[in-house]
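Colleague: Sharing a model that was predicted from the sequence below.
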Amino acid sequence: MTVVLLVLLLLPLAAGIGAFWLPPRAAGPVTAAAGAASFGLVLALIPAAAHRDIAALGFLRVDALSAVFLLATSFLYACVAVYSIGYLRGESDHRYSHRFWAGLNLFAWSMLAAPAMSNLALLWIAIEVTTIISALLVALEGTDGAAEAAWKYVLLASAGLAVALLGTIFLYYAGAHVLGQSYDLAFAPLLHAAGRLPHAVVRLAFALAVLGYGTKVGLVPVHTWLPDAHSEAPTPVSALLSGSLLAVSFYAILRFYQVAVAAVGPGFPRDVLLAFGVASLLLAALYLLDQRDYKRLLAYSSVEHMGILAIGVSFGAPVALAGVLLHVLAHAAAKGNAFMGAGVLVRKFGTKRIGLVTGGLDLLPWSGPLFLAAVLALSAMPPFGIFRSEFEIVAGGLAASRNIAAVVLVVLVTVAFLGLSATANRMLLTPSRDPAAIRGEPSVWMVLPVAAGLIALVVLGLHPPAELTGLLDRAVVTLRGGAA
């Protein structure tokens, strides 16, 4: 398994470097192959990660918790890589194509590397690398709007990661008191010594980590970069930003959560996450009721779902934590599908304005229904995976006697559903205003990965595989074990 882990981290890096030199026609298939192989390698890791930790080179470590995030990223990487072949079809600017393929692979590499880091310092560095690469991808279109969104993203994300670094330094200070000055912020020794860490310092470190990494997660009030970046980035990049990058950043918060709960008890960290989660869900639900740009609409949906993750962790019950981890996987598939469907709408109608898109279900015989299914999945409709995950989160809230928070969650998710469904109805079910519009799909490559994502959502909703269930169970034990 050590070799599998090393190949997993080297493959997208090699594909990214190679994309600078390969002809664009070759870079696409190479990227698709790298994405599919990465997903296969993560699947190969799951049986081992469900029973033990996998370590390599002294600074790489994958346990069940990190494997969940690797699975979400690798699946989305594979889907987006295939989708991008159709997305770039007809692109005549070879410089743009080279930058796109190289950036896509390197972005995926950085998000696969982050959960595999064995200590908090390297985790911070890996997430900083995701910021640099993704900011360049946000600006790739070269428009004034893209440049402004990338600049705003860099400023806010850098400020947030500076706060997260301060939280990391405080946690190192706490650990050094117990483990000595040579302590390197590795997870295992820190968790082992958590009961002896100074409580005030740990509380401060956790609060700073939530605020700092929360900037990358998109938690309110440090979410303001997210709608602009998601709207202006190339559509495949938007899918990775929303489905994977936000989750990987949330993974960093979970590692701090483990230490905080083990050191000071569950009360403080859960209250912090509940406050950020409710604020994020409330603001996103209200914004979803009044949007004019459907990519910005999906961006606010991401804020909503990150709020759901934070609330789920705050409940603390095993079933809620299992729901949170399942939600990470289901949201990656659903949001990836939604953004890929949005990309087809942009190609078909030439606009991101909701009011200018009509007749989508009729003019796009495959992508129209698939986009509708993605919206229903994001709205937690059965039989999709997000329905199952949110049901588990709410059940966990009730089991933990967080009844008011569980009710608030259900009410705000319902409000968000109204906003998403009303917009989808206007774009897809309203008859087309253009009698000359031609029925058909821009490319089959932009349909196949969305269909794969839909299958994954149905499987996660109806009957997750036994191997995946075992992985989630061990990840919950890992998350709670750090809190024991």
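Modeller: Looks like it arrived, so ask away.

Colleague: Kindly export stretch 45-54 (C-alpha atoms) in CSV.
Modeller: The C-alpha coordinates for stretch 45-54 follow below in CSV (Å, rounded to 0.1, in the frame of the first residue of the first chain):
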residue,chain,number,x,y,z
LEU,A,45,-6.2,2.0,-0.7
ILE,A,46,-9.7,1.8,0.9
PRO,A,47,-9.6,-1.9,2.2
ALA,A,48,-6.2,-1.2,4.0
ALA,A,49,-7.2,2.3,5.2
ALA,A,50,-10.4,0.8,6.7
HIS,A,51,-8.3,-1.3,9.1
ARG,A,52,-5.0,0.5,9.6
ASP,A,53,-3.0,3.6,8.9
ILE,A,54,-0.8,3.7,5.8
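
Colleague: from the chain's centre, how far out does that stretch sit?
Modeller: Stretch 45-54 sits 22 Å away from the centroid of its parent chain (Cα atoms, centre = their mean, to the nearest Å).

Colleague: Which residues does that stretch contact?
Modeller: Residues outside stretch 45-54 that contact it (Cβ atoms under 8 Å, 6 or more residues apart in numbering) are 1-2, 4-5, 8, 61-64, 66-67, 70-71, 467-468, 470-471, 473-474. To be clear about C-beta, it is placed using only N, CA and C from the backbone, and glycine gets the same treatment.

Colleague: Just the buried residues out of these, in PyMOL syntax.
Modeller: Selection of the buried residues among the contacts of stretch 45-54 in PyMOL, burial being defined by 16 or more other Cβ atoms under 10 Å:
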select buried, resi 1+4+5+8+61+62+63+64+66+67+70+71+468+470+471+474
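
Colleague: In strands, which of the contacts of stretch 45-54 fall?
Modeller: 61-62 (DSSP state E).

Colleague: Just the ones of the contacts of stretch 45-54 in helices?
Modeller: Cross-referencing the contacts of stretch 45-54 against helices under DSSP state H gives 2, 4-5, 8, 64, 66-67, 70-71, 467-468, 470-471, 473-474.

Colleague: Between those, which sits nearest residue 301?
Modeller: residue 71 (21.4 Å; Cβ to Cβ).

Colleague: what sits against that closest one?
Modeller: By Cβ under 8 Å, 6+ apart, residue 71 lies in contact with 42-43, 46, 329, 468, 471.

Colleague: Let's have those in JSON lines, adding pLDDT.
Modeller: As requested, those are exported to JSON lines (pLDDT from 0 to 100):
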{"residue": "42", "pLDDT": "97"}
{"residue": "43", "pLDDT": "96"}
{"residue": "46", "pLDDT": "95"}
{"residue": "329", "pLDDT": "97"}
{"residue": "468", "pLDDT": "95"}
{"residue": "471", "pLDDT": "96"}
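
Colleague: related to what we said a few turns ago, any idea which of the ones in helices among the contacts of stretch 45-54 is closest to residue 127?
Modeller: residue 66 (13.3 Å).

Colleague: which non-adjacent residue is nearest the closest one?
Modeller: Counting by Cβ to Cβ, 6 or more residues apart in numbering, residue 66 lies nearest to residue 115, which is 3.8 Å off, once chain neighbours are set aside.

Colleague: re the thing from before, quick check: the two most widely separated of the contacts of residue 71?
Modeller: 43 and 329 (12.7 Å).

Colleague: Counting neighbours, go ahead and name the busier of the two.
Modeller: residue 329 (26 against 17; other Cβ atoms under 10 Å).

Colleague: what sits against that one?
Modeller: Residues near residue 329 by Cβ under 8 Å, 6+ apart: 68, 71-72, 75, 385, 460, 468.

Colleague: hmm, try it at 7 Å
Modeller: Residue 329 makes contact with 68, 71-72, 385, 460, according to Cβ atoms under 7 Å, 6 or more residues apart in numbering.

Colleague: hmm, back to that, is it true that the residue nearest to residue 66 touches residue 250?
Modeller: No: here residue 115 does not reach residue 250: they are 10.7 Å apart, not a contact under Cβ atoms under 7 Å.

Colleague: And the helices in the stretch 51-200 of the chain?
Modeller: For the stretch 51-200 of the chain, applying DSSP state H, counting those that start in this stretch gives helices covering 64-87, 94-113, 120-138, 144-179, 187-192, 199-217.

Colleague: any idea how far the nearest residue to residue 253 once chain neighbours are set aside lies from residue 161?
Modeller: Residue nearest to residue 253 in three dimensions, not counting chain neighbours: residue 213, with 5.1 Å by Cβ to Cβ, 6+ apart. According to Cβ to Cβ, to the nearest Å, residue 213 and residue 161 sit 8 Å apart.

Colleague: cool, residue 56 as well?
Modeller: Look at residue 56 and residue 161: by Cβ to Cβ, they are 26 Å apart.

Colleague: Give me the more crowded residue out of the two.
Modeller: Using other Cβ under 10 Å, the more surrounded residue of residue 56 and residue 161 is residue 161, with 23 against 17.
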